[in-house]
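> okay, structure incoming, though there's no sequence with it:
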């Protein structure tokens, strides 16, 4: 049959579902996300991208691998559940459909051992059908009822679950395997199968709280690995055991309840969870209250809903002023609260009794007293104190004050101190002692929120506030202030202008008359009589002064009394100055430029008059009759009331600077006129009408000061350059001189080197004793350059035995050490011929001069020839005279 099947299947390959109706048996209780069955779809083209869908998407979902999952948890009815699974090609949009029928497994009524053995053996099914066409084998899938396996099984392991076999194992040698999570996918190794016998086993205890079910697929292949049967689905459900205690979401729960609440008032909800199956008794919790503290006024003030955990009140009498907080111990028990088999856990519920306004504020006294100086504002004159039994700093405790009488003009207000809850009576408007000497206020206090219903107390408390006004010395005041005076300008000095007096508001104080003085007079035009306040002028009033703004001149005067303490007030005098025609108009600008030829480049001028209408424009412009050259060369035309144009009358005027007088007359009555000089520069111009001569520089504003500044900058720059050149030459000379000093080939006299300093003498206490111990360690012979050794160089002999001291000698024996070193040096044949313990720097080899240390040597003085000193120049003339010249 196998060859015939292969041929027929190859010839009849058709894309789509292999059957129109797919039947499956599943458990009656379906959980969300639970795999139910696997639908097979045959694709002749393996590259097709197939998308699966369900006609009941709210209940069933089909994965890309064809596995049907439950979208939600529900119970299957006794009748089969049907829905349609569709498959659609994403590229061609071709669609195939198959009807799925789910039948709930029969209820468990107990089976015999023989029936159990039949369930434990799962056979790959197939059936044969004969048609008029060649023989075909029609296959269909079975959905195996889920295998239920309890969690936390104690073994032994591996524990056999079921045997899987194919009815073709009689003719073929088959191999069985399982795939899926728990087998070959993480967590791997939980389920294994015997490849020969098909025995499926579990290898270790299962935990439902980690994985509630496993979805495996069983495969049957021949020895060559060819698939013999279609895979079948095996679902293993882990049966829950009561192995987890209830756990509260919080160990301490906080809730509130208003005082005075009626029985049945909801307070809070406590919640516990159980990791066991919530649909089984293992995960069904029940709540109860174990204890209540304190137990007043009743030990059972609260109760709890045993299923939902809602806590409510069951008794009246909650009073925050007596009990502010209750503590309840709540217990949650699984197994539906079975005290024998259920596991339990406890948590604490803290219920705070919140305040309600059941106590009104009450004044501590019936009358409060205060006093305030007159004319003072923002002053606290009295503190109103109240008591309230409600919780502090809450709307039921915070007091609000209001005045119910005694202040018709609104001169007082009452603020609440947020910390003490006191009422602060504050003055907000000035009080005049001469008008009101005392106030009697009626005030009321109430809370921010109204009293709770059923409270017998009045909602507010009232009290009286008596306030006394204190008389103080007040400042005088001018009437009116400011005072406006209209006056023509030009008023001569010494003229009486006006009288500016003040009044003293203190009618009940014994005071002398007021004294007046000037406080501000910008132009110093005025003076005031200190007794009667009469103001006279000290200079001519001029409207065109810089101190006058918008025709207004302001002066400030001071009035003072002799009270205790003395007080003063100020007043402003405003003088509105009326204009008179006291200023003649002037020309603007004072300088102008024009071309030397007659062309349209007239000069625009403007008349400027400090006066105002009607003593200003329109203006009249004209040229004077003398000198006669003015009208012969120039002409002027008025173009508006304030502007005119000046232009050449002749065709050509030689370039230069000309003073052109212009007579300007205003429109005042009488008229005022003046002759203004306009300095006109006549120059050569280009085609654009611009000056082209050199004199433009002066016209542009480059004056003599600017030219002098430029010349000074140039001179300073030249001096800096000269100093830099001199410094460079001097540095070159110093460099050349230094080169001569260090070059021994040019002058043998410059081969003499400078010795190091020899120290600070006997007073020098900071010296290195190691130089006294080992003189030659400063510059060992091993590092000296190879060459001719000097005559005064230390010869190589055996080292003398100099005294040795420690690195840190005691200061007391330094003298003994120096004396011992001196004796050793005197007896040292290698020491220099002079008695010096200092070591000089090595001068180097190759010097043609002899050793200077031998100049005074008696042993070698006669053998030296010093005649060559005469050839060394004037610097060595003294030595030549001393050592040269023969025996004398």
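Ah, there it is. Nothing here was measured: the structure is a model prediction, and the numbers come from that model.
> please tell me how far residue 399 sits from residue 413.
15 Å (CB to CB, to the nearest Å). For every residue, glycine as well, the C-beta is placed using N, CA and C.
> who has more neighbours, these two?
Neighbour totals were compared for residue 399 and residue 413, and residue 399 leads with 25 against 15 (other CB atoms under 10 Å).
> residue 397 reaches residue 386, doesn't it?
No. If you go by CB atoms under 8 Å, residue 397 and residue 386 don't touch, sitting 9.9 Å apart.
> more crowded one of those two?
Comparing residue 397 with residue 386 by other CB under 10 Å, the one with more neighbours is residue 386, at 23 against 20.
> what's opposite that one in the beta bridge?
residue 363 (DSSP bridges).
> next one: residue 464
When assigned by DSSP bridges, residue 464 has beta-bridge partners residue 367, residue 442.
> and it, what is it in contact with?
Taking CB atoms under 8 Å, 6 or more residues apart in numbering, we find residue 464 in contact with 366, 367, 368, 440, 441, 442, 443.
> grab the nearest non-local neighbour of residue 190.
Of all residues not flanking residue 190 in the chain, residue 182 sits nearest, at 4.2 Å (CB to CB, 6 or more residues apart in numbering).
> over to residue 161?
Leaving aside its chain neighbours, residue 161 sits nearest to residue 200 (4.9 Å; criterion: CB to CB, 6+ apart).
> what ranges in the stretch 1-150 of the chain fall below the confidence cut-off?
Along the stretch 1-150 of the chain, the model assigns pLDDT under 70 to residues 1-13, 46-47, 106-144.
> mind checking the longest strand of this structure?
Counting by DSSP state E, the longest strand found in the chain is strand 227-239.
> buried ones in that strand, by neighbour count?
228, 229, 230, 231, 232, 233, 234, 235, 236, 237, 238 (16 or more other CB atoms under 10 Å).
> what sits against the closest residue to the last one other than its chain neighbours?
The shortest distance from residue 238 to any residue that is not its chain neighbour, by CB to CB, 6+ apart, is 4.1 Å, and that residue is residue 208. For residue 208, the residues meeting the contact criterion (CB under 8 Å, 6+ apart) are 151, 238, 239, 240, 241, 276, 277.
> at 6 Å instead, please
Shown in contact with residue 208 (CB atoms under 6 Å, 6 or more residues apart in numbering): 151, 238, 240.
> dump those into JSON lines; add distance to residue 288 and pLDDT as well.
Below are these laid out as JSON lines (distance: CB to CB, whole Å; pLDDT from 0 to 100):
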{"residue": "151", "distance to residue 288": "28", "pLDDT": "90"}
{"residue": "238", "distance to residue 288": "31", "pLDDT": "91"}
{"residue": "240", "distance to residue 288": "24", "pLDDT": "88"}
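> between these, which is nearest residue 419?
Distance to residue 419, by CB to CB, is smallest for residue 240 among the contacts of residue 208, at 60.1 Å.
> and the closest one, how far from residue 282?
For residue 240, the distance to residue 282 equals 5 Å [CB to CB].
> need the overlap of contacts for those two.
With CB under 6 Å, 6+ apart as the test, residue 240 and residue 282 both reach residue 276.
> may I ask which helix or strand of this structure has the lowest mean pLDDT?
Least confident helix or strand of the chain, by mean pLDDT, DSSP states H and E, is helix 2-11 with a mean of 33.
> what's the following helix or strand after that one?
Note on helix 2-11: by DSSP states H and E, the next helix or strand toward the C-terminus is strand 21-26.
> residue 589: neighbour count?
Other residues near residue 589 number 12, with proximity taken as other CB under 10 Å.
> skipping adjacent residues, who's closest to it in space?
residue 605 (7.4 Å).
> I figured that neighbour hits residue 643, correct?
No. Counting by CB atoms under 6 Å, residue 605 does not reach residue 643; the two are 7.0 Å apart.
> what sits opposite residue 69 in the beta ladder?
residue 35, residue 61.
> count of neighbours near it?
By other CB under 10 Å, 17 other residues sit near residue 69.
> how about residue 152?
Residue 152 has 14 nearby residues by other CB under 10 Å.
> quick one: residues contacting it.
Contacts of residue 152 (CB under 6 Å, 6+ apart): 205, 241, 243.
> restricted to buried residues, select these in PyMOL.
PyMOL command restricting those to the buried ones, with burial defined by 16+ other CB under 10 Å:
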select buried, resi 205+241
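> now the contacts of residue 152 in CSV, please, with extra columns for pLDDT.
As requested, the contacts of residue 152 are exported to CSV (pLDDT from 0 to 100):
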residue, pLDDT
205, 93
241, 89
243, 89
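> circling back: closest to residue 612 out of the contacts of residue 208?
Closest approach between these and residue 612, by CB to CB: residue 240, at 107.3 Å.
> for the residue nearest to the closest one when sequence neighbours are not counted, give me phi and psi.
Excluding its sequence neighbours, the residue lying closest to residue 240 (CB to CB, 6+ apart) is residue 277, at 3.7 Å. Note on residue 277: its backbone torsions stand at phi -60, psi 120 [degrees, to the nearest 10].
> tally of neighbours for residue 277?
Count around residue 277 with other CB under 10 Å applied: 21.
> gap between the nearest residue to residue 474 once chain neighbours are set aside and residue 472?
Nearest non-adjacent residue to residue 474, counting by CB to CB, 6+ apart: residue 505, 4.7 Å away. Here residue 505 is placed at a distance of 11 Å from residue 472 (CB to CB).
> dump the residue contacts of residue 292.
By CB under 6 Å, 6+ apart, the contact set of residue 292 is 299, 328.
> please redo it, this time with the cut-off set to 8 Å
Residue 292 neighbours (CB under 8 Å, 6+ apart): 299, 300, 301, 302, 326, 327, 328.
> now list the buried members of those residues.
Buried by 16+ other CB under 10 Å: 301, 302, 326, 328, out of those.
> so which of the residues you listed comes closest to residue 601?
Nearest to residue 601 among the buried ones among the contacts of residue 292 is residue 326, at 105.6 Å by CB to CB.
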